[in-house]
Structures are given as structure tokens and as C-alpha cells.
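>>> quick one, structure for this:
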Amino acid sequence: MKKLFGTDGIRAVAGQSPLDAPTIYAIGLALAHHLGASPRVLLGMDTRESGNWIAATLTAGLTTGGATVESAGVITTPAIAHLAHTRGFSAGIVISASHNPWQDNGIKIFGPDGYKLPDSTELAIEDEIFRQLATATPPRQTTPPPVNEADRADYVRFLLAAVPGLSLDGKRIVVDCANGAASPIAPQLFSDLGGEVVITHASPDGRNINEQCGALYPAIVAAEVSRLHADLGITFDGDADRALFADHLGNVVNGDAVLLLAARDLQARGLLANATVVATTMSNMGLEAALKRSGIAMLRANVGDKYVLEQMLATGSALGGEQSGHIIFTGRSTTGDGLLTALLLLDIVRRSGKSLAGLVADLKVFPQVIVNVKVREKKPLEAIPTVAAAIAAAEHALADSGRVVIRYSGTEALARVMIEAESHDLMRLHADIIANAIRTELGA
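The predicted structure follows:
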């Protein structure tokens, strides 16, 4: 079992294990050794104030291990995946904690093919990290590599090429950059598309990333759409690998709705391989029902866009994603890409001649609640009698009219309690019972 890598890289409070200087240096050394002789590594980061010293320490480990390191500076996670693949790097690394608060940070690694590393590779790298920790000592003074400003321009050209002819003329669009990695890119990207684009939360200060903005708070952009009488709103998370939306009525449009309209569009154009979409255990039952009405099957993967992608590749699916806004279009991207998703959605709306609200009007969502419980450790829930009993009771009560999904977050010290049910009262009751049982036994 992996001890450092979660579902989206290594993540922790910056400066604390496993994001302390000795471990970061060891990560660089281990990765360089894993990549073989004279590897080239591309580095990028989001806007957290810890990014520079982490980049410097990681670079020291990589270069000591024989790697050449180049930096794209502040840039999105999917941009690094794309550039690592298209420009022949041995690996791409993103220093980001995605949607987490500014105090956290993380290290995400992509292979030369642009895909996140498989679990077996992460486990092998972990083994060497622990060996290096026993002997390697990071240098006292380090500096990050110089930034190549051309990388952002290359990525923007790739994005625009994905939607030839897209024009926003006559439209008013609100874009929330979460004070994160999209902040320097989104203004450049949307300036080429016409229309009136209102950019918000694009003034990062190192500590305001995801702070009451971005994809964690989609109601913020929805309210701004209503206030400005805009046609559509887009909101990214800290590293812009996911996007959520708001329609002209001020309603939040989540990843499930995006999967529905994208699946129908691909199907209509004969591009939805096997008439199948890959979602996760967290996607609403309403999405499955709406897709079925359109003759589209839905498979469920474990939570985490890398696991969605694994099932997509195994089944030949062209589309997959998560309710949280990670959407993957195989053939276009190797990971969730919020900016690409936004452009493709805008193009679907333009070609349809309908509003975003109209395109997803028949998506009838089952009542769903997600309760996050902070935990001090991640013990197997089925091994805790009171928790197991609460889960079993909920599953029995909702056997024919709902779903119960209880799991640990792969990126935070949280247990997530998700329940769907036709009855709102039963849903809320069982969610609270299970959450309280976990809180009593494992609460932080």
C-alpha cells in the first residue's frame, strides 16, 4: 500500500512531512533515478507562496540525480501534462494542492506520455524515496530554474486549436480563476474569442487561492452571472484541472451535467465510442438515468480522474469524468483540463443554438448529500463496528431507492459520506448517523 502518493500525487501542509525539505529532495532524487539516463523534466506550479521553495528543493534533488530541469512557472496542471508529452520531456511535475487551502501543497507527476503515473510506478518511486531519506541531505541554499514564458503561449495555442471558429461575439461570460493557476492564462485565452469576458479572482497573492472563490464555491460565479445578466459562468479550481459552470438563470452546472451534454453531442456526431461514458461512484443516479434515455451506458470508476482514465482506456470510452468537474476527452487530453472543458462546452452551446440551461433541462437530480468528516487516521471503516452498523442500516433502508457511498478522501484527512435517496429526510437522517459514528470513532 502506498504511503506517500494519494489519488492525485503527494499532498500535505507545506513544510511538514512529506512536504518537508528532506523528503522533497529525496522525491527529486528518486524520480531522476527512475527516469533513467540524462532525463529532462518540466516543472510548473500554482500560485501558493510555498511553490518557489518547493520547486527549488525538488530541482536540487532532480539535478543531483542527473536530470535537467526546465520551468514553465505558474501554469495549470493539464498544461504540464500536455507540454511534457508534446515536447519530449521525460516527465512533467506540478507543484500544486489543487482545491486545498493555501497552506497545503503537493507534487503531481506525469510521465512522458502525459498520463499520471500508475500506482505500481508510484509505489516503486516511494520505495526509493524512503531509501534516500536515510542518507540524502538537501543543500542549504537552492534556487528554482528560470521560467520559460513561451510555455503558456504554446498551451494557449493548443487550446484554441481544439475549437476552431469558436466565437463569443454577442455573449457575456464570467470566468472565475480561483486566484490560482488559470489567473495568467484565462485572460490571454479568452481575449482571442471575442464577446465580453469578465475575469474574476485572478489576482493571486500566495494565500488567496481557492479562498471563497473558484470551483469549491460555484455559487459565487453563479451569483455574478445573475448580477451581470451574463449568458454563462465558468469557475476553475486552484490548478485548473477541473471546471464547473453556471447557466444564465444563475444555476450551478456541475460535472454530471457537463458529462450529459458532452455525451449527447459526441453521440450525435458519431464520436462517442461504444456509446459509453465513464463516471465515478459519486455521480448522481439522475445522470445514469438521463444517459440511458439517450441510449448511452454509464460505467462507474473509483473517485479520482486517474482511475476514470484507466477505465476509459480499458473500455475504449471517449468521455469520462467526475461530478466535481474533472472531465476527460480521450484524444484531446490525458488528464482533466478545466480550460479545455470550458472551451468545448462553449462550442457545444454555440453549435446547438440553445442555452446551457436548455441543454441540461431534463437532468433530474436525485437528492444527494455529501458530509465531510475530518479524521485523525484512516482505519478501514468496515472494521469499526458502530460505523459498519450505521452503513449497513442505511444500505438496507435505501436498498431500492438510493445509494450509499462512504470513502476516505485520497488527498485530505477526510471521510466522505455520500447518500442519494428519493426521500430527502431519509437521506439526511442516515448521512448524519454515519457521519456522527465516524466522528465519534475517528474524529480529528
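>>> look at residue 132 and give its secondary structure.
At residue 132 the chain is in helix, as set by DSSP: H, G, I helix; E, B strand; the rest coil.
>>> count of neighbours near it?
Counted with other Cβ atoms under 10 Å, residues neighbouring residue 132 total 21. C-beta here means a position set from N, CA and C on the backbone, and glycine is covered the same way.
>>> kindly report the same for residue 113.
10.
>>> for the residue nearest to residue 195 when sequence neighbours are not counted, give its distance to residue 377.
In this structure, residue 195 finds its nearest non-sequential neighbour in residue 168, 2.9 Å apart by Cβ to Cβ, 6 or more residues apart in numbering. Distance, residue 168 to residue 377, using Cβ to Cβ, to the nearest Å: 49 Å.
>>> more neighbours: which of the two?
residue 168 (18 against 9).
>>> could you look up the SS state of the more buried one?
Assignment for residue 168 (three-state DSSP): coil.
>>> i'd like the first residue to be 15 from this point on
Happy to do that; since the first residue is 15 now, the last one works out to residue 182.
>>> check contacts around it.
Residue 182 sits next to 204, 207-211, 360 when contact means Cβ atoms under 8 Å, 6 or more residues apart in numbering.
>>> widest-spaced pair of the residues you listed?
Spatially, the most separated pair among the contacts of residue 182 is 210 and 360, at 13.6 Å (Cβ to Cβ).
>>> now for these two: what residues contact both?
With Cβ under 8 Å, 6+ apart as the test, residue 210 and residue 360 both reach 182, 187.
>>> which of those two has more neighbours?
Neighbour comparison, residue 210 and residue 360: the larger count goes to residue 360, with 24 against 15 (by other Cβ under 10 Å).
>>> show me where this protein has helices.
Applying DSSP state H to the chain gives helices spanning 35-49, 65-78, 91-100, 133-147, 164-175, 200-204, 232-242, 269-282, 299-307, 319-329, 352-366, 370-373, 399-411, 438-456.
>>> what residues sit buried inside the longest one?
I take that to be helix 438-456. Residues 440-441, 444-445, 447-453, 455-456 are the ones in helix 438-456 that count as buried (16 or more other Cβ atoms under 10 Å).
>>> separation between the residue of the chain positioned farthest from its centre and residue 308?
In the chain, the greatest distance from the average C-alpha position (Cα atoms, centre = their mean) is reached by residue 149, at 34.5 Å. For residue 149, the distance to residue 308 equals 58 Å [Cβ to Cβ].
>>> equivalent analysis for residue 443, please.
Applying Cβ to Cβ, the value for residue 443 to residue 308 is 34 Å.
>>> and residue 20, by the same measure?
For residue 20, the distance to residue 308 - Cβ to Cβ - is 34 Å.
>>> so for the two, which residue has more residues nearby?
Between residue 20 and residue 308, residue 20 has the larger neighbour count (other Cβ under 10 Å), namely 18 against 14.
>>> what's the burial count for the nearest residue to the more buried one once chain neighbours are set aside?
Distances taken as Cβ to Cβ, 6+ apart place residue 424 nearest to residue 20, at 4.2 Å, with adjacent residues excluded. Neighbours of residue 424 under the rule other Cβ under 10 Å: 19.
>>> what's the local residue count around residue 207?
Neighbour count for residue 207, taken as other Cβ under 10 Å: 17.
>>> check contacts around it.
Taking Cβ under 8 Å, 6+ apart as the test, what residue 207 contacts is 180-182, 360.
>>> now do it against residue 334, distance only.
Residue 207 sits 26 Å away from residue 334, going by Cβ to Cβ.
>>> same deal with residue 225?
As judged by Cβ to Cβ, residue 225 and residue 334 stand 30 Å apart.
>>> and those two? which has more neighbours close in?
residue 334 (30 against 17).
>>> beta-bridge partners for the closest residue to the more buried one other than its chain neighbours, please?
Distance criterion Cβ to Cβ, 6+ apart; nearest residue to residue 334, sequence neighbours excluded, is residue 292 at 3.4 Å. Under the criterion DSSP bridges, residue 292 forms beta bridges with residue 313, residue 334.
>>> so residue 292 makes contact with residue 324?
No: in this structure, residue 292 is not within contact of residue 324 by Cβ atoms under 8 Å, at 9.1 Å.
>>> list the residues that contact both of these two?
With Cβ under 8 Å, 6+ apart, residue 292 and residue 324 have common neighbours residue 315.
>>> who's more crowded, the two?
Per other Cβ under 10 Å, whichever of residue 292 and residue 324 has more neighbours is residue 292, with 28 against 19.
>>> and that one, what does it touch?
312-315, 322, 325-326, 329, 331, 333-335.
>>> can you pull the domain assignment for this protein?
Taking automatic domain parsing as the criterion, the chain consists of the domains 24-162, 168-377, 382-456.
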